[in-house]
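Engineer: what's the 3D shape of this:
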Amino acid sequence: MDSQFDGTEQTELPYQVRIENFEGPLDLLLHLIKKNEINIYDIPIAMIAQQYLGYIDAMKDLNLNVAGEFLVMAATLLQIKSKMLLPVDETAEDEEDGPDPREELVRRLLEYKTFKEAARQLDTQERMWREIYSRQPVPEEETAESDEALLDNIGLFDLVDALQGILNRNPGKKLLEIIPDNLTVRDRMNVILEALEEQESIAFEALFESSCHRMVIIVTFLALLELIRLRTIRVYQAEGFGPILLSRAFSLVPDPAELDDSEWR
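Structural biologist: Coordinates of the predicted model:
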């Protein structure tokens, strides 16, 4: 399966982000169903399987550590696809049709979606309680603005989609531009934090405006994921289909220089 990021030279990165720290294979399937506006009860397995494998290739290109669960789900999708391609047994015309090969997958998706929405509601409630007991009341207008900023509607695969658009707009300069030897995830983390010191929030695309080189873009993306994992950076949309924004999650943030070097290799 060809990667979604074909046409770019591959360079080995010493740092990997573990996907399971963010989202799993069921999250990716739900993302594809939402993105393609598909009826969850009537999933076109052939199309979803092809896109799913494309995302796995893309995540490997980004040096994201794809867990075994993603590969198991890929095998499951291919198995369902093969079952659906089997010819109908003409000798069983008078018998009821057998179970839909997609039935178990749909059940798992619906169950996972229910638990995920419940967890999101509990997380929102926890934040409300934390704000109530941790700071003084604020004016009504400021509260409304804060509630808007707490929208948690961005996932890892939304960011991968956004990054793909950036890479597609910057296909060149991969051989002509000299990359500094000290380009590291830690350095790019500091760049992101420094940008957020100057303004309350910044657009996702603004992180990549200073360079068109693929390696800088990818290392910056990995740095963003690490800051999200450390709960230092929040990623959100202020409105539906609006630009992806970044802001600091807390007023005090950990210093990347104080972290163990093993986290960065």
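
Engineer: in space, what's closest to Phe55 - neighbours in sequence excluded?
Structural biologist: Small correction: residue 55 is Tyr, not Phe. In space, and not counting its chain neighbours, Tyr55 is closest to Leu28: 6.0 Å by C-beta to C-beta, 6 or more residues apart in numbering. Where C-beta positions appear, they are placed from N, C-alpha and C, glycine not excepted.

Engineer: isn't the one you found up against Tyr52?
Structural biologist: Yes: taking contacts as C-beta atoms under 8 Å, Leu28 lies within contact range of Tyr52: 6.4 Å.

Engineer: can you list residues touching both of these two?
Structural biologist: Met73 (C-beta atoms under 8 Å, 6 or more residues apart in numbering).

Engineer: the host helix or strand of Ala195 packs against which elements?
Structural biologist: Under the criterion of DSSP states H and E, Ala195 resides in helix 185-198. Secondary-structure packing of helix 185-198 (3 or more C-beta pairs under 8 Å, 6 or more residues apart in numbering; DSSP states H and E): helix 214-229, strand 244-248.

Engineer: CA atoms only: put stretch 200-212 into PDB for me.
Structural biologist: Coordinates of each C-alpha in stretch 200-212 appear next as PDB, following Å, rounded to 0.1, in the frame of the first residue of the first chain:
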ATOM      1  CA  GLU A 200      -2.400  33.200  24.000                       C
ATOM      2  CA  SER A 201      -3.000  30.800  21.100                       C
ATOM      3  CA  ILE A 202      -1.500  30.000  17.700                       C
ATOM      4  CA  ALA A 203      -2.800  28.200  14.600                       C
ATOM      5  CA  PHE A 204      -1.500  24.700  13.900                       C
ATOM      6  CA  GLU A 205      -0.300  25.700  10.400                       C
ATOM      7  CA  ALA A 206       1.700  28.600  11.900                       C
ATOM      8  CA  LEU A 207       4.100  26.100  13.500                       C
ATOM      9  CA  PHE A 208       5.400  25.100  10.000                       C
ATOM     10  CA  GLU A 209       5.500  28.500   8.300                       C
ATOM     11  CA  SER A 210       9.200  29.100   9.000                       C
ATOM     12  CA  SER A 211      10.400  26.000   7.000                       C
ATOM     13  CA  CYS A 212       9.400  24.000   4.000                       C
END
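
Engineer: tell me where the stretch 51-200 of the chain has helices.
Structural biologist: 68-85, 103-134, 140-149, 156-169, 185-198 (DSSP state H, counting those that start in this stretch).

Engineer: among those, which comes closest to Glu239?
Structural biologist: Proximity to Glu239 (C-beta to C-beta) singles out helix 140-149 among the helices of the stretch 51-200 of the chain, at 8.0 Å.

Engineer: average pLDDT across the closest one?
Structural biologist: Along helix 140-149, the predicted local confidence has a mean pLDDT of 40.

Engineer: please tabulate the helices and strands packed on helix 185-198 in JSON lines, including the columns distance to Met128.
Structural biologist: Putting the helices and strands packed on helix 185-198 into JSON lines (distance: least, C-beta to C-beta, whole Å) gives the following:
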{"stretch": "helix 214-229", "distance to Met128": "21"}
{"stretch": "strand 244-248", "distance to Met128": "18"}
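
Engineer: looking at these, which is buried most?
Structural biologist: Each of the helices and strands packed on helix 185-198 was scored by mean neighbour count; the highest is helix 214-229, a mean of 22, by mean count of other C-beta atoms under 10 Å.
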